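>>> Next comes the sequence, and after it the predicted model I'd like to discuss.
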Amino acid sequence: MALALLLGVAATAAPAAAQPDLTRRTGSTVADAAVPGWRWQVLRAASADGQRHYRIRVAVPQQTPPGSGFPVAYLLDGNAALMETDSALLQRLAASPRPPVIAYIAHDNDLRIDPDARAYDYTPRRPGGEDAQRDAIGDRRNGGADAFLDLIERDIAPQVEALAPVDRGRRALWGHSYGGVFVLHALFSRPGLFSGYAAADPSLWWGQGRLLEEEAGVAAWPSPSPRLWLWVGDGGGRTPPSTQPDRDPGAMDAMRRARASVPPDATPRMAERLRGRGLDVRFETLAGQSHGQTLGASLHRLLETLAASPDAPREGNAP
């Protein structure tokens, strides 16, 4: 109950703080620097309709690969993820016995967050015609998640996994916020595609709780079942309202109404339900972290877990 109240307060106060700075540019990142133990490759891909283009920066460990191959992490919002990756993290990973290949999947521009492209690529299609495929916030087009998942499976992952020996039983997909929506949709629709699914503060309110319906529709997990990491922030790192940029009152009201469509503790409740259905779920509340701050905090946790996990390799279906 205490957790629910805490998360409820955070959800009520978060809409202003949750909006990213849509004008922020990537700038220089670790991909532009020489970090010992790593080499970088740049790959490109395009959507099937040719409307969206992607740049994938891949960090490949230079050490001798383990016998089973390197773990691999596919990271959505690749530009933002790069900005949260520092040389100290990469050096720690390089010193581990099993550093992961890291694929930063970004839209092919220098925006930290591309709001229109991600609103389409990271959200599943809802029942109804094209009028139903509109975002509650910003009226952006939704519904491209399955096409984007096809692209990752059939184009991006094969390119990434041709760069180094990869342990196909240790393949993780990570996303934050709308990226978390995509990760959970991938888990519920293609649970055998990855061995690990990692969702940081997923926007479960999207589509009036559409992901809760997808969760209920899962009949069974593959064998072996995948692992799910779920993180939420407790709102402790919110920016004070006086420092927030001006927000459109209509968009703020739409955000509040959207968030009210699911319980404030929807994510921990989902973790409990999925664990009860036999899924390996690792849930963590990130103390002192706002919605935005959970991006970097969860990313570091996932990469270090992949590098240090003592678990026996799992066999999974690979693209």
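Received, thanks.

>>> beta partners for the residue sitting nearest the centre point of the chain?
In the chain, the C-alpha nearest the mean C-alpha coordinate belongs to G175, at 0.2 Å (Cα atoms, centre = their mean). For G175, the residues forming beta bridges with it (DSSP bridges) are A199.

>>> what sits against it?
The neighbourhood of G175, defined by Cβ atoms under 8 Å, 6 or more residues apart in numbering, consists of L75, L76, D77, Y122, V181, F182, V183, A198, A199, A200, P202. In short, each C-beta sits where N, CA and C put it, glycine included.

>>> and if we set it to 6 Å?
Neighbour list for G175: L76, F182, V183 [criterion: Cβ atoms under 6 Å, 6 or more residues apart in numbering].

>>> roughly how far apart are it and W231?
Counting by Cβ to Cβ, to the nearest Å, the gap from G175 to W231 is 11 Å.

>>> Likewise for E161?
26 Å.

>>> These two: who's more crowded?
For the pair E161 and W231, the greater number of neighbours falls to W231 (25 against 20), based on other Cβ atoms under 10 Å.

>>> just checking, the more buried one touches E284?
Yes: under the criterion of Cβ atoms under 6 Å, W231 lies in contact with E284, with a separation of 5.2 Å.

>>> D139: neighbouring residues, count only.
D139 is surrounded by 11 other residues when neighbours are defined as other Cβ under 10 Å.

>>> if I've got this straight, it is in a helix?
No: with DSSP: H, G, I helix; E, B strand; the rest coil as the criterion, D139 is located in coil rather than a helix.

>>> mind listing what it touches?
With contact taken as Cβ under 6 Å, 6+ apart, D139 is in contact with no other residue.

>>> and the nearest residue to A59 once chain neighbours are set aside, which of the three is it?
Nearest residue to A59, sequence neighbours excluded (Cβ to Cβ, 6 or more residues apart in numbering): I102, at 4.3 Å. For I102, the secondary-structure state derived from three-state DSSP is strand.

>>> Can you pull out the low-pLDDT segments for this protein?
Judged by pLDDT under 70, the chain has its weakly predicted residues at 1-22, 236-248, 251, 309-319.

>>> Please repeat the previous calculation with a cut-off of 80.
Per-residue confidence for the chain (pLDDT under 80) gives these ranges: 1-23, 136-138, 236-252, 254-255, 258, 309-319.

>>> quick one: contacts of stretch 24-37?
Counting by Cβ under 6 Å, 6+ apart, stretch 24-37 makes contact with W40, R57, Q62, N79, L82, M83, T85, S87, L90, A94, D110, R112, all of which sit outside it.

>>> at 7 Å instead, please
Contacts to stretch 24-37, defined as Cβ atoms under 7 Å, 6 or more residues apart in numbering, come from residues 40, 57, 61-63, 79, 82-83, 85-87, 90-91, 94, 110-112.

>>> And for stretch 209-229?
Under the criterion Cβ under 7 Å, 6+ apart, residues 124, 126, 181, 184-185, 187-188, 191-192, 194-198, 204, 261-262, 270, 274, 278-282, 302, 314 lie in contact with stretch 209-229.

>>> helix or strand for G278, which one?
With secondary structure defined by DSSP states H and E, G278 is part of neither a helix nor a strand.

>>> Starting from G192, give me the distance back to it.
Computed as Cβ to Cβ, the G278 to G192 distance reads 15 Å.
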